[in-house]
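J.: when you get a sec, could you give me coordinates for this:
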Amino acid sequence: MLDELKNLKEQLLFQEKFEQGYFKNIVIAGMGGSGIAGSIFSEIYDESPVEVVSDYTIPSYVNSDTLFIAISYSGNTEETISAYREAERRGAQTAAITSGGTIGKICRNSLIIPGGLQPRSALGYMLVPLISSLMHDHSKDLREASKVVENLDMMNDRIKEEAAGLVKAKKLPVIMGFKPFKSVAYRWQTQFNENSKLLAFSASFPELDHNQIMALESSYGKENLAFYYFSGSSGKVRERIKFTIDLTGIEAKQIPVEGSSRIAQIMHLVHYGDYFTYYAALERKIEPRDVTTIEKLKKLLSQF
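T.: Just a heads-up that it's a prediction; the model follows:
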């Protein structure tokens, strides 16, 4: 798993693109570690409407004006295959990012990426083609992102200590994000789930101030939660974070963000969470790569 983490800096320099023509909207289909690439992309791209689908079905508006991108690291994700086939029937312009499998065979416009990793460890291979293919030149930002990720590879002892503290206190993490880090907060949640085998929760400002703030103030069991939020907020969001912490009395740890570009900042926070959840798994004496229960579920579903 550690080797997979250290591979991210190289993934961010991946230069392949997929083909696309004229479109009015984008729908990206993907599940789990594959789908998060679409979610992150949707927060930094605003030139056309983007919707991310994590299901068997697709929106009714999908038609020939839609660029439909299927992302499945294995190429065999049944929900994504179902969504892709429906998009093709609707006449959508289609593309795929995959290491092979069924998707790689049925989609003529497939970008084949290196295989052999856990899907959640191949985020760069799945995210960078979206950026490179659909956004104006961001090669400088991606090089910066690779550098800040490499810096974390070399210096992460503090993250290891923080993870050990969380596990020893037997608390469940709650990660609070804000745009463009909403998807990063969710990525942390799912990395705690898969790597550390811990329940975790994520929420985002300003929405959480319209509902979850009441639970932060009064819920039983909140003493068993560890709260985290990202630095880099500004304006009203910064004030909301401060006032929310003051009003509810929660203890919240600020996670630093590094990098001058949004892409570098996002990948720094992503990689911080990758190491945090990896070290939490080691502290719990759990194999972070193990996804046996997910594989058992897939086998059961394949019978129907």
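
J.: please, which helix or strand holds D274?
T.: Secondary structure assignment for D274, by DSSP states H and E: helix 262-283.

J.: wait, M31 sits on Y73?
T.: No: using Cβ atoms under 8 Å, M31 is not in contact with Y73, being 9.7 Å away. Using the backbone N, CA and C atoms, a C-beta is placed for each residue, glycine as well.

J.: with neighbour numbers in mind, choose between these two.
T.: The neighbour comparison of M31 against Y73 (other Cβ atoms under 10 Å) goes to Y73, with 30 against 19.

J.: contacting residues for the residue nearest to that one when sequence neighbours are not counted?
T.: Take Y73 and drop its neighbours on the chain: the residue closest to it by Cβ to Cβ, 6 or more residues apart in numbering is P119, 3.8 Å away. By Cβ atoms under 8 Å, 6 or more residues apart in numbering, P119 lies in contact with G32, G33, S34, Y73, S74.

J.: out of those residues, who has the most neighbours?
T.: Scoring the contacts of P119 on neighbours with other Cβ under 10 Å, the highest-scoring entry is Y73 at 30 neighbours.

J.: residues contacting the residue lying closest to E4 once chain neighbours are set aside?
T.: Leaving aside its chain neighbours, E4 sits nearest to S121 (3.8 Å; criterion: Cβ to Cβ, 6+ apart). Neighbouring residues of S121 by Cβ under 8 Å, 6+ apart: M1, E4, L5, N7, L8, G33.

J.: columns secondary structure, pLDDT and distance to Y220 on top of the residues you listed, output as CSV?
T.: CSV is the format used below for the contacts of S121 (DSSP: H, G, I helix; E, B strand; the rest coil; pLDDT from 0 to 100; distance: Cβ to Cβ, whole Å):
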residue, secondary structure, pLDDT, distance to Y220
M1, coil, 94, 35
E4, helix, 96, 39
L5, helix, 97, 36
N7, coil, 97, 42
L8, helix, 98, 39
G33, helix, 95, 33
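
J.: N25: which of those residues is nearest?
T.: N25 lies nearest to G33 out of the contacts of S121, by Cβ to Cβ, at 24.6 Å.

J.: returning to what we had before: turn the contacts of S121 into CSV, columns for distance to S133.
T.: Shown next, in CSV, are those (distance: Cβ to Cβ, whole Å):
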residue, distance to S133
M1, 29
E4, 24
L5, 25
N7, 21
L8, 20
G33, 20
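
J.: filter those residues to the buried ones?
T.: Those of these that meet the buried threshold are M1, E4, L5, N7, L8, G33, by 16 or more other Cβ atoms under 10 Å.

J.: my read: the fifth one touches L123, true?
T.: Yes: checked against Cβ under 8 Å, the pair L8 and L123 is within contact range at 7.0 Å.

J.: what's the closest non-adjacent residue to E251?
T.: Using Cβ to Cβ, 6+ apart and skipping the chain neighbours, the partner closest in space to E251 is F227 (6.6 Å).
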